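> Dropping the sequence and predicted coords here.
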Amino acid sequence: MSALGRRAGASVLLQLAAIAVSSGTVLATDDYTLPFYNPYVTMSYGVDRDRTLNRQLDWTGQVWYDGQTHYGRVYDQHTGVDYPMALRSEVAAAKDGTVVDLQGGYGTTQFGSFGNFVKVQHADGRQTLYYHLASSGDGGIATWAGAGVQAGQRIGLSGCSGLCYGAHLHFEMLAWSPAAHAFRPVDPMAEQRWTTWPGRVPFDAAYVRESNPGTEYIRRWQTITHWVDFLNTGGRPWRSWGTVGQTALTTWNPAAHASGFRSGDWPYTWMPTLVDSATVPPNGVGRFTFGLTGSPAPGSYSEAYNLQAYGLHWFDYGRLGGYYIPIVVTP
Amino acid sequence: MSPSQGAIARRYSAGGPSIAAFVAIPLIIALLAAGLVSAESPLGVTRVSPADAERAGSAIHLLRRVVGGATLVRVKGPATGMSLLAVSADGNQVAIADQVGEAFGSLTLAETNGSQLRIPMAGLLAASFAADGSWLSVIDGRGAVWRVDGASGRASLLADGPFIGSPIIEGDGSLLMLAVPSVEAPYESHLVRLGAATGSVTRLSEQELVYGAFQLDGGELAIVAHAPEGTSVRRLTSTGEQLLVDLGLDAVNVAVARNGRVAFERNGEVLVIDAPGSAARSITVGSRPCFGPDGSSLLVRRGNQTLALDTSGSELAVSDEPAGFAASAGCLP
C-alpha cells in the first residue's frame, strides 16, 4: 500500500472544501494568477482605491480616514498589492504577455532608488508591474524588453530595491485610463474576477487517487498501465498541447532522472506522460496514464514523480504529498 | 534662476530607514518634560537652543570644509542613521529627516550655530532649500509637497502630488519636481513645474520615465530618462528634447553637472563621461555619484562612508557622517 494513497484522502477533501468556500463566483481558465509560486505567501497591503490624501478605500470596501497603515488591508496612496517574501524569491508573470519595460540596475536592497521592476503588457489591454526586484547582477531580472512571457513563467527574483521597508513584491495591475491618457492602477482584489482573488499561485496540485495505491508487482520485461489523478489547485489550466507549459508527470528524486521503468509510451526517459486531457481547468482533476516496464533486475524499488509545467516550473513536490510508486520486479 | 538650484534625483541615505526616531522621540519627550524646549506656534514645532541640545545629547554639528573648490558640509549628529535631505546654498543650514519614508516623522533644520527647529511631518522623502535659505520645499512620505518657513517652521501644503525627487526651486518660487502615479512604484514619472503664482502643474518632459533633472550652465535643463532600451541624458530645449548621452542598460543613479559632465553607477562602479561623445571611464567603486557646483568634484557613497573625489577618482576627503555639497542642491549620496 502506497504511503501516499493512505494519507491523501482526508487532505484532498479539506482542499476541495477550501476551494468551494474561497474561489468566489468566477474562476476563469485564462485568468491572472498570483505572481509567485509559494502558496504560503500572503498579502500585507492592498490597493488604496481612493486617491484622496488621508482617505483610504480598501479591497473590502471599508473606508479609513486616518492616513495610517492597516495590515492586511491598505495604506494611504498605495497603488499595488504587497506580498512580503524572502529576498530572492521567485517572481512569476501573472498572465501571458510581452515585457514592455524593465530596470535591473539598482542594488537588490538599494533603498531610496527608483527600484528594479518588470512591466508586462497583456492581450486584454492591461499591464502588470512587478516592483522592488533584485538587481540584474543578482539574478533579479530573468527576462528582457520585448520578450514574450507565459503565465507562471519566472521573470525575476524579489528584492527590496527602491522605496522599500522590508523585502516584498509590489504587484500592480494597470488599466488604460482614457481620462488620464495613461495607464493607471486598478485593484485586482476588489474586482474579484481574477484568480488573484482570493489568490492562486500558477502551479499547484494535490493527490486524489491512483489506479493502484499499493505496490505494483511487475514481472521482468512486462509492461503494466498505471494512472494517477491530481487536483489542479493552482490558478493555471493544465494542458497537454503547445510547446511550453504543458503539464507533465516527471521523475523526481533526483529531478528528471532517466527511469529504469520507462515503457514505450513515454515521451522522454524522465517523463512518463503529459496530462491525458487537452485541458484541465483550475479545480479540475487531471489524469496521468502511463506504462511501467519491469526492466530492472528483480527486486524492490521506489519511483518518485512530480509534476512540471514543461519548460516553466516544477510543482512543489511536498504539496503533491510526496508522490511515489512502490514497485517490485519479479522474475 | 537662482544660484542654489540643483538637481532632482531620489537620494536618501543608504542603509534604509533610520533608527534615529527611536532616539529622537523619547528625547523630545524628555526635553519637553524638562522644559528645555518651547512648544510655540505652529503646533508641534519645537525650537531647541544650542545649549539645550548639548545638554540633552541631541546636538547636531555642521562641519564645513572646502574640498576641490566646493564647500563640503558634514553632519555630525546624536545618532547614526539620520538622513540628510538638503544643504543650504551657503552651507549654514541642513535639513535632516529622523527617518525617510511613509511613516510619520520629523524634519529637523539645523544651523551652524547649533540651534535646531523640529517640524513634524507626515513622512519625509526629500527637501530643498530656497536660494536665500528662508524656506524649503519638502516632499512628505506620500508625495505631497509643502512649503516650510525656515524661521517659524510653519508648513503649508502646496500640492498633493504625488511627487518625488529633491525639488529644484526657481527664482520666482516655482518648483521643478517629478510627478509620479506612485511614490513606491514609480513606473512613470514626468518633470513638472508647480507654478508659484498659479499653483498649476505643467508637464515639461516628453519621456515616460524621468529619473532626474539637473540645471545646466546657461539656464537649460537636462533630464535623465529611462526607456526599455536604456537610460539617456537629454537636454530640454524650447523646441523639444535633445539626446546628449546614451548610457545603455543598467546605468542608474545618474548625475549631470552644470557643465554637462555626467556621472553614473553601473554594476557597483562609478563612471564619468566628460562631454557628449566622450567614452565613459570608471573612476571608483561606489554608488550614488553627484557633482559639486562646478562639476570638478563629486561625492559618492561607499558602504557607510561618503567620499569626495575629483573627476579622475582621486580622493579629496572621506566622511563617516552624512555629507553634502553646499550650493549643489540634491548632491547627497
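Cool, got the structure. Numbers count the residues shown, from 1 in each chain, chains lettered A, B, ... in the order given.
> In the record's domain split, what are the boundaries for chain A?
Domain segmentation of chain A under automatic domain parsing yields A:3-17+A:203-330, A:27-45+A:80-191.
> any idea which residue sits dead centre in the chain?
I'll assume chain A. Nearest to the geometric centre of chain A sits residue A:202, at 2.6 Å (C-alpha atoms, centre = their mean).
> SS state for it?
coil (DSSP: H, G, I helix; E, B strand; the rest coil).
> same question, residue A:171
Per three-state DSSP, residue A:171 ends up strand.
> hang on, isn't it packed against residue A:33?
No. With contact defined as C-beta atoms under 8 Å, residue A:171 does not reach residue A:33; the gap is 10.9 Å. For the C-beta atoms, the positions are set from N, CA and C on the backbone; glycine is no exception.
> Helices of the chain, start to end?
Going with chain A. Ranges of helices within chain A are A:3-22, A:188-191, based on DSSP state H.
> hm, I was asking about chain B
B:20-33, B:50-56.
> If we go by neighbour counts, what in the last one is buried?
By that I understand helix B:50-56. For helix B:50-56, burial by neighbour count (16 or more other C-beta atoms under 10 Å in any protein chain shown) applies to B:52, B:53, B:56.
> re earlier: ok, which of the domains of chain A comes nearest chain B?
With respect to chain B, and counting by C-beta to the nearest C-beta, the nearest of the domains of chain A is domain A:27-45+A:80-191 at 3.0 Å.
> Now residue B:317: closest residue in space, sequence neighbours ignored.
residue B:308 (4.1 Å; C-beta to C-beta, 6 or more residues apart in numbering or on different chains).
> hey, what's that neighbour bridged with?
Note on residue B:308: beta-bridge partners by DSSP bridges are residue B:299, residue B:317.
> Count the neighbours of it for me.
24 (other C-beta atoms under 10 Å in any protein chain shown).
> And for residue A:272?
26.
> ok, it touching residue A:249?
Yes. Taking contacts as C-beta under 8 Å, residue A:272 lies within contact range of residue A:249: 5.1 Å.
> Identify the contacts common to these two.
A:288, A:290, A:305 (C-beta atoms under 8 Å, 6 or more residues apart in numbering or on different chains).
> Show the contacting residues for the last one.
Under the criterion of C-beta under 8 Å, 6+ apart, the contact partners of residue A:305 comprise A:228, A:249, A:250, A:251, A:252, A:272, A:323, A:324, A:325.
> repeat that for 6 Å
Contacts for residue A:305 (C-beta atoms under 6 Å, 6 or more residues apart in numbering or on different chains) come out as A:249, A:252, A:323.
> Please report how far the nearest residue to residue B:326 once chain neighbours are set aside lies from chain A.
With sequence-adjacent residues excluded and distances taken as C-beta to C-beta, 6+ apart, residue B:326 is closest to residue B:91, at 3.2 Å. Remark: distance between residue B:91 and chain A (C-beta to the nearest C-beta, to the nearest Å) = 23 Å.
> beta partners for residue B:210?
With DSSP bridges as the rule, residue B:210 is bridged to residue B:225.
> tell me, how many neighbours does it end up with?
25.
> now swap in residue B:43 and tell me
8.
> Local confidence estimate at it?
For residue B:43, the pLDDT comes out at 72.
> show me where pLDDT drops low in the chain?
In the absence of a named chain, chain A is used. A:1-30, A:193, A:196 (pLDDT under 70).
> was after chain B, sorry
In chain B (pLDDT under 70), the answer is B:1-42, B:79-81, B:101-103.
> and the end-to-end length of stretch B:48-61?
13 Å (C-alpha to C-alpha, to the nearest Å).
> and what of stretch B:96-107?
With C-alpha to C-alpha as the measure, what separates the two termini of stretch B:96-107 is 6 Å.
> near chain B, which residues of chain A?
A:53, A:76-77, A:79-80, A:101, A:105-106, A:111-112, A:114, A:119, A:129, A:131, A:136-137, A:145, A:163, A:165, A:170, A:172 (C-beta under 6 Å from any C-beta of the partner chain).
> Return a ChimeraX selection command for the buried portion of these.
Filtering the residues of chain A next to chain B down to the buried ones (16+ other C-beta under 10 Å) takes a single ChimeraX command:
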select /A:53,76,77,79,80,101,105,106,111,112,114,119,129,131,136,145,163,170,172
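> From the residues of chain A next to chain B, which land in strands?
A:101, A:119, A:129, A:131, A:170, A:172 (DSSP state E).
> Specify which member of those is nearest to residue B:268.
Residue B:268 lies nearest to residue A:131 out of those, by C-beta to C-beta, at 21.6 Å.
> hmm, back to that, which residues are in contact with the residue nearest to the centre of chain A?
A:33, A:92, A:152, A:234, A:235, A:236.
> Just give the closest residue to residue B:289, not the sequence neighbours.
residue B:263 is the one closest to residue B:289 (C-beta to C-beta, 6+ apart), at 3.8 Å.
> didn't that neighbour look like it was pressed against residue B:269?
No. Look at residue B:263 against residue B:269 with C-beta atoms under 6 Å: they stay out of range, at 10.9 Å.
> Those two: which has the busier surroundings?
Taking other C-beta under 10 Å, residue B:263 and residue B:269 do not tie; residue B:263 has more neighbours (25 against 14).
> residue contacts, the more buried one?
So residue B:263 contacts B:255, B:272, B:289, B:298 (C-beta under 6 Å, 6+ apart).
> for residue B:224, same thing?
So residue B:224 contacts B:211, B:212, B:233, B:254 (C-beta under 6 Å, 6+ apart).
> export those residues to a markdown table and tack on neighbour count and distance to residue B:187?
Converted to a markdown table, the contacts of residue B:224 look like this (neighbours: other C-beta atoms under 10 Å in any protein chain shown; distance: C-beta to C-beta, whole Å):
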| residue | neighbour count | distance to residue B:187 |
| --- | --- | --- |
| B:211 | 26 | 12 |
| B:212 | 26 | 16 |
| B:233 | 26 | 20 |
| B:254 | 30 | 18 |
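> filter these down to the ones close to chain A.
Okay, of those touching chain A (C-beta under 6 Å from any C-beta), that's residue B:211.
> which of the contacts of residue B:224 lies closest to residue A:41?
residue B:211 (30.1 Å).
> Okay, now stretch A:291-300: how far is its last residue from its first?
End-to-end for stretch A:291-300, by C-alpha to C-alpha: 18 Å.
> Now it: buried residues?
Buried-residue list, stretch A:291-300, by 16+ other C-beta under 10 Å: A:291, A:292, A:293, A:294, A:295.
> thought the third one was touching residue A:265?
What that stands for is residue A:293. No. Taking C-beta under 6 Å as the definition, residue A:293 is not a contact partner of residue A:265, at 9.7 Å.
> How much space separates residue A:64 from chain B?
As judged by C-beta to the nearest C-beta, residue A:64 and chain B stand 14 Å apart.
> what's the neighbour count on that residue?
Residues lying near residue A:64 (other C-beta under 10 Å) number 19.
> what's it in contact with, if anything?
residue A:56.
> related to what we said a few turns ago, for the residue nearest to the centre of chain A, which non-adjacent residue is closest in space?
residue A:152 (3.2 Å).
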